[in-house]
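Peer 1: Sequence and predicted structure below; questions after.
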Amino acid sequence: MKKLFFVSALTLFSMSAFAQDDAANKVVVDQFRKDKEKSDKDLSDPKSSAKASYWMERAKLYENIALQGSEVDSSAAKTSLEAYKKVVELDKTKKGEPGKSAKEAENVIAGGEGTQLFNAFVKQGAEKYQAKNLTGALEMFTAAQEINKKDTLASLYGGIAAQQLDKKDVAKTQFEKYAANGGKDPSVFYGLAQLYREEKNFDKAIEALNMGLKQAPDNKDLKAEVVNILLASGNESKAISELEALAQADPKNIQNVVNLAILYDNMQRTAADSVKQLSAKMGSGSKSAASLTKNLEAEKGKIEVYDGEVKRISALIKKQPKNADLKRQLAEVNTKKKETLATIATMEGEVKTATEAAASSASSGSEQKLNDLKAKQKDASDKAIANYKKALEIDGANYDALYNLGVFYFNEAVQLKGEVDNMNMTEYQQRGKEVEGRVCGKFKKAKPYFEKAIQAKDEAEAKENLTTVNGVLEQFAGKGVACVEE
């Protein structure tokens with residue numbers, strides 16, 4: 001995440017608007033101290049503190065201290081504001097309307113043209129920030145906004161201070177004010193989007209970025225972050241659309257092309273997983289029915305055995321009608337036959353249920369869904385490869401494009417090898433060698449991309465994959481399998 005930093009403009013407010021040499025400044029500061037002591041002393045005088053004129057003098061004194069002599073009182077702007085409010089309270093005409101001094105004080109409090117109280121708060125806020133008093137700085141910047149509600153400076157600095165204090169809700173409010181008042185700094189909109197992203201409010205994050213793009217339509221960071229947030233929110237299709245537009249607008253920007261390839265790559269992997277799961281689910285129904293049918297036939301085969309035993313024992317009993325052991329054997333066989341017939345009835349029900357479930361799966365659209373997933377996987381695969389190759393046309397040594405394209409073909413080889421592993425002996429004899437040749441071809445296709453990736457950047461992951469590929473190719477060579485590249 002990008003961090004917002006307090007911009008250098010703050011340092012401007014650390015200098016007096018009336019720059020003087022050190023000696024002259026000392027004289028001014030010393031006078032401020034004397035005047036402050038007198039004003040503070042008169043504060044406890046009931047007669048003085050009851051007059052609007054006293055409060056007006058105090059307000060202007062502390063305002064000047066804030067602007068020119070913060071070493072006398074680092075929070076003088078606050079005292080000045082309180083004094084101006086007191087003037088408004090005390091200076092009333094006989095009709096109860098604001099007097100001349102009250103109107104002047106109201107104009108200052110409202111940030112009227114030519115007034116300096118707003119600057120006094122911002123300056124002392126900047127000084128507190130530089131002194132690492134972030135809480136005090138935020139207080140000053142917030143007060144400044146009350147004086148000039150349309151200003152962007154105090155809301156910008158207030159948001160930065162709040163962010164560093166980890167007061168995220170306050171930071172959002174401050175940055176929202178900055179945006180509403182026409183602020184243009186792209187980093188503010190980026191930072192605001194991050195604050196919303198952290199709380200998974202993706203709609204507000206996108207809204208913040210779009211506000212920033214209105215102010216800075218060509219800002220690449222804001223555009224890229226729109227894509228990142230769309231991905232974080234699970235809106236992959238919209239992210240691809242946005243990235244397609246970025247790649248089209250700036251076709252030489254290799255990062256956009258690589259990111260687009262990665263998105264399509266991720267999409268095809270997700271589709272491949274879904275294909276595998278659905279295929280297994282559909283196959284399990286038919287396999288279950290077949291397995292149960294096989295078991296049922298085996299159980300029915302027992303009846304023939306029992307009938308043969310009944311016939312044999314019955315014939316012996318005719319010859320030996322008083323033989324108790326033969327009678328016992330006949331009873332046992334009849335009992336087992338009866339139990340088997342009951343088992344057969346149960347199994348026939350299970351076979352019927354499994355067969356109906358398999359038929360239901362086929363008729364419920366699973367077949368069509370599987371075909372759609374396979375088409376989606378194929379489309380995403382083609383686009384992933386096309387964009388990886390387009391990136392390599394821009395920069396043939398781009399590590400991400402080289403490595404990911406190698407992984408793409410590597411994974412295809414692994415998936416195809418799974419077919420061979422699942423073959424029975426008959427299937428392998430029929431087409432095992434042919435499929436192995438294609439598997440070998442996929443691994444061979446991946447090899448040069450890993451080699452070039454290592455040349456571009458010496459990364460362990462590429463080295464490990466290359467070692468695996470070389471080992472597999474050696475095994476195929478040892479078996480006499482000819483690699484077939486498609």
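Peer 2: Noted; the coordinates are in hand. Numbering: from 1, shown residues only.
Peer 1: I figured residue 83 hits residue 52, correct?
Peer 2: No: using Cβ atoms under 8 Å, residue 83 makes no contact with residue 52, being 10.1 Å away. All C-beta spots, glycine's among them, are computed from the backbone N, C-alpha and C.
Peer 1: Those two: which is more packed in?
Peer 2: Per other Cβ atoms under 10 Å, whichever of residue 83 and residue 52 has more neighbours is residue 83, with 22 against 19.
Peer 1: does that one belong to a helix or a strand, and which?
Peer 2: helix 76-90 (DSSP states H and E).
Peer 1: buried residues in that helix?
Peer 2: 76, 77, 78, 79, 80, 81, 83, 84, 86, 87, 88, 90 (16 or more other Cβ atoms under 10 Å).
Peer 1: So for that helix, mean pLDDT?
Peer 2: Taken as a whole, helix 76-90 carries a mean pLDDT of 95.
Peer 1: Mind splitting the chain into its structural domains?
Peer 2: According to automatic domain parsing, the chain comprises the domains 1-178, 396-486.
Peer 1: Just give me the lowest mean pLDDT stretch among these.
Peer 2: domain 1-178 (a mean of 86).
Peer 1: Tell me where the model's unsure across the stretch 201-350 of the chain.
Peer 2: Residue ranges of the stretch 201-350 of the chain with pLDDT under 70: 280, 282-289.
Peer 1: Tell me which stretches of it form helices.
Peer 2: Listed in chain order, the helices of the stretch 201-350 of the chain (DSSP state H, counting those that start in this stretch) span 202-215, 220-232, 236-249, 254-319, 324-361.
Peer 1: Remind me what the first one packs against, helices and strands.
Peer 2: Put plainly, it is helix 202-215. helix 168-180, helix 186-198, helix 220-232 (3 or more Cβ pairs under 8 Å, 6 or more residues apart in numbering; DSSP states H and E).
Peer 1: ok, 6 Å please
Peer 2: Where contact means 3 or more Cβ pairs under 6 Å, 6 or more residues apart in numbering; DSSP states H and E, helix 202-215 is packed against helix 186-198, helix 220-232.
Peer 1: One more: the shortest one?
Peer 2: For helix 220-232, the packing partners by 3+ Cβ pairs under 6 Å, 6+ apart come out as helix 202-215, helix 236-249.
Peer 1: any idea which of those is most buried?
Peer 2: Each of those was scored by mean neighbour count; the highest is helix 202-215, a mean of 19, by mean count of other Cβ atoms under 10 Å.
Peer 1: For that helix, C-alpha coordinates in PDB please.
Peer 2: C-alpha atoms of helix 202-215 as PDB (Å, rounded to 0.1, in the frame of the first residue of the first chain):
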ATOM      1  CA  PHE A 202     -15.000  -1.900  -2.100                       C
ATOM      2  CA  ASP A 203     -17.700   0.300  -3.600                       C
ATOM      3  CA  LYS A 204     -16.500   3.300  -1.700                       C
ATOM      4  CA  ALA A 205     -12.900   2.500  -2.600                       C
ATOM      5  CA  ILE A 206     -13.800   2.500  -6.300                       C
ATOM      6  CA  GLU A 207     -15.800   5.700  -5.900                       C
ATOM      7  CA  ALA A 208     -12.700   7.400  -4.300                       C
ATOM      8  CA  LEU A 209     -10.500   6.300  -7.200                       C
ATOM      9  CA  ASN A 210     -13.000   7.500  -9.700                       C
ATOM     10  CA  MET A 211     -13.100  10.900  -8.100                       C
ATOM     11  CA  GLY A 212      -9.400  11.000  -8.300                       C
ATOM     12  CA  LEU A 213      -9.500  10.000 -12.000                       C
ATOM     13  CA  LYS A 214     -11.800  13.000 -12.700                       C
ATOM     14  CA  GLN A 215      -9.100  15.300 -11.400                       C
END
